[in-house]
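compute the structure for the input listed below.
(one chain, ligands or ions: 1)
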Amino acid sequence: MRLLVTGGAGFIGSNFVRRIVDGTLSGISSITVLDKLTYAGRLSNLNMLPKDSFEFIKGDICDSTLIDSLTKKSDAVINFAAESHVDRSITAARDFVETNILGTQTLMSYALKNEVSTFVQVSTDEVYGTIDEGSWSEESPLLPNSPYSASKASADLIARSYHRTFGLDVRVTRCSNNYGPHQYPEKVIPLFVTNLIDGKKVPLYGNGLNVRDWLHVDDHCKGIHAVLNKGKPGQIYNIGGGRELNNRELTDTILALMGRDSTSIEYVEDRLGHDLRYSVSHEKISRELGYQPQVTFEQGLLETINWYKENESWWRPLKI
Ligand code: NAD
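A predicted model of the protein is given here:
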């Protein structure tokens, strides 16, 4: 299978590429990575790989001419490319609309034209909004609350329309919060870990009671790989099953693993429109595709902290 990986220089996309190259994820004969290299895209996420193990193209998923030529030589597309940080979407929403909606539509229109066999749209559980009790199934309504999640939900609906109207084989994945190595240090876990390495405090939003499900990036990539190979056209698959924690519990766990206490916490004004709780059911992907998360939160978090301790040259230039 000749695979086009968009956003493959970012956190999750580059992890997916590294896991293909190291043999963890099988069945891919060639990889083309397309990435615009925004502030979040880093060639250093890929430069440990043999040069001949993938082709890298710097470019924009909104560029019709480029996407036409790349989809012509691809059997499958996985679209990781996105503006992905909720806080940035609150101050500058336009980039989110352009890349996350228009870019996705551009990719799908040329995937259709050039008869790409399978298109996996990597989405997020944030499209469901917030839930007080229980967990979302794939049938739950889309009620996004931030410009980021609204743009991702829009892309999910574009995906649905390309399947229903044109018969394009699109599969959508909706995953919970990811953590792991190579995550840009604006996101909460690497932000807190790198602050603590520097002896600084960690900024905790509001009362710290917002709940998220934390999934290791390797488990997310295994779920996407299962959807690519065994999923069905037009279907949506939630991916989750890491660990549900509120932000205070997450912070306390990081502080304990790094030998600090609550005096390192600085409470800051809450994010606008901050969703209280996310919780996805991954029952469908487990039952139909045999997906099960493998990495325990304790082990994955410890390894992630150690990665940031050992790879200061990767994150130091990215700290504000
Ligand atoms: P990221 O910000 O680390 O990576 C995004 C990548 O997309 C970057 O390399 C960036 O340069 C590239 N990109 C941005 N705009 C582009 C454009 N117009 N054309 C080409 N490339 C472009 O994000 P991530 O955390 O790796 O997330 C990847 C995908 O997974 C996103 O679609 C995100 O919505 C989704 N997701 C993320 C999480 C999470 O917890 N990080 C959870 C669920 C779903």
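
which helix of this protein spans the most residues?
If you go by DSSP state H, the chain has its longest helix at helix 147-166.

I'd like the next helix or strand past that one.
Sequence-wise, the next helix or strand downstream of helix 147-166 (DSSP states H and E) is strand 170-175.

show me what that next one is in contact with.
With contact meaning Cβ atoms under 8 Å, 6 or more residues apart in numbering, strand 170-175 is reached by 108, 118-125, 127-128, 138, 156, 159-160, 162-163, 215, 220, 223-224, 227-228, 231-240, 280. For every residue, glycine as well, the C-beta is placed using N, CA and C.

list buried residues within those.
By neighbour count, with 16 or more other Cβ atoms under 10 Å, the contacts of strand 170-175 hold 108, 118-125, 127-128, 138, 156, 159, 162-163, 215, 220, 223-224, 227-228, 231, 234-240, 280 as buried.

near the ligand too, which of these?
122, 124 (Cβ under 6 Å from any ligand atom).

ok, back up a step: out of the contacts of strand 170-175, list just those in strands.
For those, membership in strands holds for 118-124, 215, 236-239, with DSSP state E as the criterion.

quick one: which of those residues is nearest residue 11?
Within the ones in strands among the contacts of strand 170-175, proximity to residue 11 (Cβ to Cβ) peaks at residue 122, which comes in at 11.5 Å.

that closest one and residue 173: what is the separation?
Separation of residue 122 from residue 173 (Cβ to Cβ, to the nearest Å): 6 Å.

what do you get for residue 98?
Note on residue 98: its distance to residue 173, by Cβ to Cβ, is 22 Å.

please apply the same query to residue 113.
24 Å.

check residue 83 too.
Computed as Cβ to Cβ, the residue 83 to residue 173 distance reads 18 Å.

more neighbours: residue 113 and residue 173, which one.
Per other Cβ atoms under 10 Å, whichever of residue 113 and residue 173 has more neighbours is residue 173, with 25 against 13.

identify the bridge partners of that one.
residue 122, residue 237 (DSSP bridges).

can you read off the pLDDT for it?
Note on residue 173: pLDDT of 98.

go on, residue 320?
At residue 320, pLDDT is 77.

neighbours of it, how many?
Using other Cβ under 10 Å, residue 320 has 5 other residues around it.

would you check how far apart the residue at the greatest distance from the centre of the chain and residue 208 are?
Distance from the C-alpha centroid of the chain, by Cα atoms, centre = their mean, peaks at residue 263 (31.4 Å). To residue 208, residue 263 is 15 Å away according to Cβ to Cβ.

need the contact list for residue 162.
The contact partners of residue 162, by Cβ under 8 Å, 6+ apart, come to 108-109, 112, 119, 168, 170.

tell me which two of these sit farthest apart.
Spatial extent of the contacts of residue 162 (Cβ to Cβ) is set by the pair 109 and 170 at 11.9 Å.

more neighbours, these two?
Neighbour count, other Cβ under 10 Å: between residue 109 and residue 170, residue 170 has more, with 29 against 18.

read off the pLDDT value for the more buried one.
What the model reports for residue 170 is a pLDDT of 98.

same check, this time on residue 54
For residue 54, the pLDDT comes out at 98.

excluding sequence neighbours, find me the nearest residue to it.
Closest residue to residue 54 apart from its sequence neighbours, by Cβ to Cβ, 6 or more residues apart in numbering: residue 31 at 4.0 Å.

read off the pLDDT value for the closest residue to residue 289 other than its chain neighbours.
In space, and not counting its chain neighbours, residue 289 is closest to residue 226: 4.3 Å by Cβ to Cβ, 6+ apart. Residue 226 carries a pLDDT score of 98 in this model.

can you give me the neighbour number for residue 226?
When neighbours are counted by other Cβ under 10 Å, residue 226 registers 20.

gap between it and residue 29?
Taking Cβ to Cβ as the measure, residue 226 falls 19 Å from residue 29.

with residue 37 instead?
Applying Cβ to Cβ, the value for residue 37 to residue 29 is 25 Å.

pick out whichever of the two has more residues nearby.
A count of neighbours by other Cβ under 10 Å puts residue 37 above the other of residue 37 and residue 29, at 14 against 8.
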